[in-house]
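Colleague: make a model of this:
(one chain, ligands or ions: 3)
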Amino acid sequence: MKQNTIVLGAQWGDEGKGKIVDLLTENVSAVVRFQGGHNAGHTLVIDGKTTILRLIPSGILHNDVTCYIGNGVVLSPSALLQELQELANNGIDATKRLKISKSCSLILPYHVALDHAREKAKGKDAIGTTGRGIGPAYEDKVARRGLHAADLLDSEQCAIKLEKLAELHNFMLENYYGAEPISYKETLNELMAAREIIAPLLTDVAEELQRLRINNKNILFEGAQGTLLDIDHGTYPFVTSSNTTAGAAATGTGFGPLYFDSVLGVIKAYTTRVGAGPFPTELHDEIGAHLAEKGHEFGSVTKRPRRCGWFDAVSVKKTVAINSISELVITKLDVLDGLKTLKVCTAYENGEPIYTELPGWDESTYEMTNYDDLPQNAKNYVAFIEKAIDCKITIISTGPDRSHTITLG
Ligand code: GDP
Ligand code: IMO
Ligand code: MG
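Modeller: Numbering: from 1, shown residues only. Ligands and ions are numbered 1, 2, ... in the order given. Purely as a prediction, here's the structure:
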């Protein structure tokens with residue numbers, strides 16, 4: 001692995017980024033989240049034991065690795081405390097390995113309430129957000145009125161800023177959406193309680209990353225969501241509220257753009273999407289249902305069923321360019337085992353996908369660790385995708401466990 005690597009999703013999220021970040025963490029000193037919040041759900045399976053991370057970087061299960069939450073992340077203090085507790089219940093004291101940027105924007109209960117109220121008001125046009133307050137928190141950030149994590153350090157300043165926000169958001173909630181207001185006092189008390197745990201973790205992430213770089217340490221930058229959910233490059237307005245693309249790894253951490261050495265894109269061997277919005281290769285038949293069932297395609301955050309469809313080489317070719325992806329990881333190849341025929345979208349005509357058909361394979365590829373053991377048609381499928389999107393595939397994932405992995409030269 002190159003020194004400073006970005007790992008990100010090249011489709012609509014849930015490509016298996018968490019597994020890959022955990023796997024590659026053995027080569028690095030630090031793992032950094034740079035955008036999104038606890039709308040992410042990254043699943044790690046190690047020796048059969050599953051851990052789901054939302055906000056905390058997927059390197060956290062490794063000793064001696066520092067995990068950073070960069071300034072581009074929207075941080076919910078309550079979600080963070082819950083996740084720290086979940087890890088503590090499993091014997092992991094994440095507070096020993098976790099550091100948080102002072103400039104992270106905070107997600108407050110107002111943002112969650114607004115997220116729900118807006119989705120409800122949109123009715124059939126709802127985006128299908130995760131309901132975690134992500135969009136409203138980013139709005140407050142760019143409106144220059146949001147709270148930063150550093151505001152927790154100054155209780156007086158925090159109370160003044162919060163009161164202004166409470167006034168504005170409660171006005172909207174009550175008068176525009178007809179929703180319940182959120183108590184300012186309770187919110188302040190909760191923040192002050194969370195401060196006890198969060199304050200010692202706050203740091204200048206940009207400065208720490210510079211120090212690591214100068215000392216030739218390897219750093220992994222962990223993306224959340226996927227390129228097609230990017231606020232600028234995705235299927236707007238059915239997107240998330242952050243830039244999920246490679247550039248955000250620089251802006252969301254303070255690590256200079258020229259200091260990155262590689263961008264690793266993660267793709268699923270087929271396509272999934274959770275939430276509303278266009279999905280040209282979506283399958284509404286028994287094959288789609290089969291992929292959903294075999295691939296356990298249910299959201300790790302919201303448990304919503306994920307929509308499933310064929311691999312779209314046209315859109316991934318674009319996401320490779322947008323992110324300057326230097327190599328790809330393909331996950332969930334095993335989910336395609338047993339399908340007679342596979343289809344890959346290789347062109348569009350009048351907005352409709354045109355497919356190339358490839359023969360499937362009967363054998364199980366589940367848990368395979370050796371490329372040579374793969375059925376010839378599975379090798380052909382991977383090679384076809386590589387050629388269609390013109391980017392090298394360097395890792396093939398054949399199961400959820402860290403060990404279910406084929407690493408190619
Ligand atoms: P992320 O959001 O990109 O980290 O992906 P998620 O964790 O939300 O979703 C990926 C799901 O697929 C998780 O349940 C993983 O445990 C699982 N998974 C990852 N890689 C593989 C694989 O190669 N094969 C199978 N069968 N499951 C996988
Ligand atoms: P990971 O990191 C898949 C989707 C939501 C919705 C849209 C906007 O696990 O890949 P938001 O709550 O962000 O305002 O919702 O984005 N979405 C995801 N889909 N994986 C994710 O994260 C997602 N995070 C948000 O379903 O369509
Ligand atoms: Mg996920």
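
Colleague: list the helices and strands the longest helix seen in the chain packs on?
Modeller: Longest helix in the chain, counting residues (DSSP state H): helix 155-171. Helices and strands touching helix 155-171, by 3 or more Cβ pairs under 8 Å, 6 or more residues apart in numbering; DSSP states H and E, are helix 109-122, helix 184-198. Bear in mind the C-beta positions are built from the backbone N, C-alpha and C, glycine included.

Colleague: just the residues contacting it, thanks.
Modeller: 108, 110-111, 113-114, 136, 140, 145-147, 151-152, 181-182, 184, 187-188, 191-192, 195 (Cβ atoms under 8 Å, 6 or more residues apart in numbering).

Colleague: selection in ChimeraX covering whichever of those residues are buried, please.
Modeller: Remark: buried members of the contacts of helix 155-171, expressed as a ChimeraX selection using 16 or more other Cβ atoms under 10 Å:
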select :108,110,111,113,114,136,140,146,147,151,152,182,184,187,188,191,195
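
Colleague: need the three-state assignment for the residue in the stretch 301-409 of the chain that ligand 2 sits nearest to.
Modeller: When scored by Cβ to the nearest ligand atom, the stretch 301-409 of the chain has residue 301 as its residue closest to ligand 2, at 6.8 Å. Here residue 301 is coil, with the state taken from DSSP: H, G, I helix; E, B strand; the rest coil.

Colleague: got the contact list for it?
Modeller: With contacts defined as Cβ under 8 Å, 6+ apart, the neighbours of residue 301 are 38, 39, 40, 41, 54, 130, 132.

Colleague: please report the distance of it from residue 40.
Modeller: 7 Å (Cβ to Cβ, to the nearest Å).

Colleague: now the helices and strands packed on helix 155-171 as CSV including mean pLDDT?
Modeller: Formatted as CSV, these follow (pLDDT from 0 to 100):
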stretch, mean pLDDT
helix 109-122, 98
helix 184-198, 97
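
Colleague: show me which residues of this protein sit near ligand 1.
Modeller: For the chain, the residues in contact with ligand 1 (Cβ under 6 Å from any ligand atom) are 9, 13-19, 41-43, 45, 296, 300, 331-332, 334-335, 397-400.

Colleague: how confident was the prediction at the closest residue to ligand 2 within the chain?
Modeller: Across the chain, the shortest distance to ligand 2 (Cβ to the nearest ligand atom) belongs to residue 275, at 2.2 Å. pLDDT recorded at residue 275 is 93.

Colleague: need the contact list for the residue nearest in space to the middle of the chain.
Modeller: Centroid-nearest residue in the chain, with Cα atoms, centre = their mean: residue 224, separated by 1.9 Å. Taking Cβ under 8 Å, 6+ apart, we find residue 224 in contact with 9, 13, 17, 33, 35, 36, 37, 39, 40, 42, 244.

Colleague: give me the three-state assignment for it.
Modeller: Assigned with three-state DSSP, residue 224 falls in the coil class.

Colleague: surely residue 29 meets residue 62?
Modeller: No - shown here, residue 29 and residue 62 do not form a contact pair, counting by Cβ atoms under 8 Å, at 10.2 Å.

Colleague: helices of this structure, start to end?
Modeller: Under DSSP H, the chain gives helices at 17-24, 77-89, 109-122, 134-142, 155-171, 184-198, 205-214, 247-251, 286-294, 313-323, 376-389.

Colleague: run the chain-centre distance for the fourth one.
Modeller: Relative to its parent chain, helix 134-142 has a centroid offset of 17 Å by Cα atoms, centre = their mean, to the nearest Å.

Colleague: that one and ligand 2, any residue contact?
Modeller: Yes - Helix 134-142 reaches ligand 2 (Cβ under 6 Å from any ligand atom) through 134, 135.

Colleague: residue 260 contacts residue 8, correct?
Modeller: No - in this structure, residue 260 is not within contact of residue 8 by Cβ under 8 Å, at 11.5 Å.

Colleague: OK, contacts around the nearest residue to residue 254 once chain neighbours are set aside?
Modeller: Ranked by Cβ to Cβ, 6 or more residues apart in numbering and with sequence neighbours excluded, the top spatial neighbour of residue 254 is residue 206, at 2.6 Å. For residue 206, the contact set (Cβ under 8 Å, 6+ apart) comprises 71, 101, 253, 254, 255.
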